[in-house]
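> Based on what follows, work out the 3D shape:
(2 chains)
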Amino acid sequence: MSSKNIVLHVADVSKRFGGLKALTDVDLSVAEGTVHAIIGPNGAGKSTLLNVCIGRIRPDQGHVVFAGTTLDQQRPHEINQLGVSRVFQTPEIFPDLSLLDNVMIPAFAKRDGAYRFHALQSVESESEIREAAEFHLGDVGLLERRHQLAGSLSRGDKRRLELAMCLIQKPKLLLLDEPTAGMSRHDTNMTIELLKRIKARGMTKVIIEHDMHVVFSLADRVSVLAQGRIIADGLPDEVRGNPKVKEAYLGEAHA
Amino acid sequence: MALNLSKQDWLLFLGFALVVLTMPITLQPLGAAYPALMQKFCIFGIFALGFNILFGLTGYLSFGHAAFIGIGSYAAVWMFKLLTMNALPAIFFSMIVAGLVAVVIGYVALRRSGIYFSILTLAFAQMFYNLAYSVLTPLTNGETGLQLTLNDPRMLDNMAGAATGGLPRVELFGIGLSGGGYAGFYFCAVILILCFFFAIKIFRSPFGLMLRALKSNQNRMRYTGFNNRPYLLAAFVISGVYAGLAGSLMAVTDPLAGAERMQWTASGEVVLMTILGGAGTLVGPILGAAVIKYFENIFSAFNEQTLHRIFDFLPDSIENPLVSVLSLFVGEGWHLTLGVIFVLIVIFLPGGIMEGFRRLSGLFNRGGGGGKPAVASHPQPAE
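Numbers count the residues shown, from 1 in each chain, chains lettered A, B, ... in the order given. You can find the predicted model right below:
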C-alpha cells in the first residue's frame, strides 16, 4: 500500500501506567477504506491503543497521525471534528434522552461544529437531521423504538444505538471497541451485515474484537497485540497461520 | 424564524400568559390577589425560570445564584440614581452587569462539576455578599443598603426638567411602577411572560437539547465532537442574566438594594423552588416560586386567633388541642410547614409538583378513556 492513502498512522507509541507498560513501540498503519482488526488477549493494550487515538490518553512517546494531522495536542472533540468516531466497550450513550435525540445530537455536531449558540431555532424544524437520524436508526433496527428512552435498552441494543450515533457522523475513521460483545448470535450476525454494508460505503474502520467469527468475516488486515507489543500484522489468513499468534492468543482459545 | 413555536407550545404559552395576567382575579379566594405579593410571584418566577435553565437542563446545581439578584438590584438602583427613574435603562443595565459577572464566575466555577461546582458558586456568592456588606461600602452603602436620595444627579431626568418635590417614583413613561400598585405587578407580569417565551425557545432548541445531553453524558458529548465548556458557560450566563433581571425588578418595585438579598439562604431558596415545582420542566419552577412565596406571606400571617376562628365549629375540647398543635405550623412556624411539604414532595414526587400533575392526568386518562389504549413508556415532553 502506498503511504498517501494511509488514514491512521500510529508511530512508535509507548504508554506506561506506573510500572505497567501498556503499550511499547506500537507501530500501526491503517489504509483508507479497509477494516483493520486488532486482536489480542485481555490486557494486551487494545483499548489503550484506541484511547490514544481519540485523545483520551496522551502517549508518553511517539505520535498518532490522522489524515495528515498529528493528534498529540488535539482535544477529544477536535479529534472527532477531524472525522474520528468511536464505539466504546461500555456503551456511551445519553440514557435520559430518546433514541431519536441520541442519534440527532451527533448529527448536530457534524453540521454545526464544536459549539453553536442555536438557542432560537427549534429542533422540530430540523427535518433533515431528523430524517437522517431515522434512517440510521433503521439501519441498526431500532427505528420503531425511537421515542423510547435510551437508558431502557438492553446492553446489545445500546451498542447498536451507539453505532448509529457514530455512523450518522459519516466519520472518515470509525473505531469499534468490541462492537458485538454482549449480543446474541442473531444480533451479532446483523451487526456483521451492517458493518459489511458500511464497508461498501468506503468507511475506514479499526475494530477490536474477541469473536474470531466477526474478525475473519470482516477484516482486511489483522494486527495482533500481546503485552503491549504488536507481534503480528498481516492478512487474516497469514495471521491465523502464524505460530507466535497461536501461542499468544489463539492458543488460549484453541488449546 | 425566532417566533416559530409548535402548536402545543403556543397553547402552553398563551395559557401561561392568561393565568399570569388574570392572577388579580383568580387569586382572590386564596387571599393572595394584592399587587405586592403577585409581583413577588412574578419576580421569583423569573429567578426560578432562569435557575432552571442551568439546573434543570444541565444538572449543574448552583448555590450562589442570589449573588446575581443582588448585583441586578444594585445596578438598577445606581441607574435610578445616576441617569433616570425610567425602569427600562435600569433593567438593561442590570442584565448586562449580571451577565458579565456570570461570565467571570462561570468561567472559574465550571472547571469543576458536581458538589465542587456547587461549593465554588457558594463561595463566590459569599464573597459578593461580603463585598456588598462591607468592602464596597461606597458602591453599596453597606449595612444600610443603597437608597435613593434627593441629591441624586439623575442626569437624564434633570435635563428633561422633571422637577419633583420629594423622592421620585420608578416609572415607565409616566406610569408609576414602584410603591405596590397594579402597574408594578403588570410590568413584572409582562416581563415574566417574555422570559417564559424565551425559556420555551431554549427548551425546544438544538442548544437546549445539547444542554440536556450534557446532563446525561458529558463523555459522549466530548467524543461526539462538542466543546462542552462554552455550552455550560452559555447556560450559566443565561441563568445569571435572568437572576439579574429579577433583581432589577425588585429594585423597580421598591427602589432600594441591600446585601441580605445575596445571602446564601436566598440562593438556597431558589433551589427549593425549582425542586418543589419540578426541575427541568418549564412551568414547575415558577409554580414552586409561587407556592413558597405564598406560604412566606400568607401562612406566616396566620396566628392562633385565625386558627380559633377557622375551627370555631368544633367543640372546645377538640378545638383547643388542635389549634395548639397547628399553631406550631403557622406564623413564625411557616418554615415548618414548608419543610414538611418539601420532604413529602421529594420523597413521594421526586419530579415535583409537575410530576404530581402528570400522574393525576395519567390517572384520569386511564380511568376515563376506556376505548383508548394506554400509552405506556411514552417520553413526557418537558412542560
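> what's the neighbour count on residue 247?
Picking chain A for this. 12 (other C-beta atoms under 10 Å in any protein chain shown). Placement of C-beta: from N, CA and C, glycine included.
> wait, chain B
Other residues close to B:Gly247 by other C-beta under 10 Å number 33.
> what helix or strand is the closest residue to it other than its chain neighbours on?
Residue nearest to B:Gly247 in three dimensions, not counting chain neighbours: B:Gly72, with 2.6 Å by C-beta to C-beta, 6 or more residues apart in numbering or on different chains. Following DSSP states H and E, one finds B:Gly72 within helix B:66-82.
> Would you check that the residue nearest to B:Gly247 makes contact with B:Gly244?
Yes - with contact defined as C-beta atoms under 8 Å, B:Gly72 reaches B:Gly244; the gap is 3.5 Å.
> Mind listing the shared neighbours of the two?
Counting by C-beta atoms under 8 Å, 6 or more residues apart in numbering or on different chains, the shared contacts of B:Gly72 and B:Gly244 are B:94-95, B:97-98.
> now the strands for chain A?
Remark: strands assigned in chain A by DSSP state E are A:6-17, A:20-31, A:35-39, A:61-66, A:69-70, A:84-87, A:173-177, A:204-208, A:221-226, A:229-234.
> Within the sheet, what are the partner strands of the first one, with directions?
It refers to strand A:6-17. strand A:20-31 (antiparallel), strand A:61-66 (antiparallel) (DSSP bridges).
> what about residue 189, neighbour count?
Just going to use chain A. Applying other C-beta under 10 Å, we find 15 residues neighbouring A:Asn189.
> other chain: chain B
22.
> That one sits in which helix or strand?
helix B:182-204.
> and that helix, what other elements does it pack with?
Contact partners of helix B:182-204 among helices and strands, from 3 or more C-beta pairs under 8 Å, 6 or more residues apart in numbering or on different chains; DSSP states H and E: helix B:7-21, helix B:23-26, helix B:35-58, strand B:175-176, helix B:228-253.
> Off-centre distance for it?
11 Å (C-alpha atoms, centre = their mean, to the nearest Å).
> Please work out the average pLDDT along it.
For helix B:182-204, mean pLDDT rounds to 94.
> Give the next helix or strand downstream of that helix.
With elements assigned by DSSP H and E, the helix or strand that comes after helix B:182-204 is helix B:206-216.
> Now do that following helix and helix B:35-58, the angle between them.
Here the directions of helix B:206-216 and helix B:35-58 differ by 70 degrees (axes from the mean of the first three to the mean of the last three C-alpha atoms, to 10 degrees).
> how about the helix or strand that comes right after helix B:206-216 against chain A, any contact?
Downstream of helix B:206-216, the first helix or strand assigned by DSSP H and E is helix B:218-223. Yes - judged by C-beta under 8 Å from any C-beta of the partner chain, helix B:218-223 comes into contact with chain A through B:219-223.
> how about helix B:218-223: buried residues?
Across helix B:218-223, burial judged by 16 or more other C-beta atoms under 10 Å in any protein chain shown covers B:218, B:220-223.
> Using TSV, lay out these together with pLDDT.
Below are those laid out as TSV (pLDDT from 0 to 100):
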residue	pLDDT
B:Gln218	94
B:Arg220	94
B:Met221	94
B:Arg222	93
B:Tyr223	93
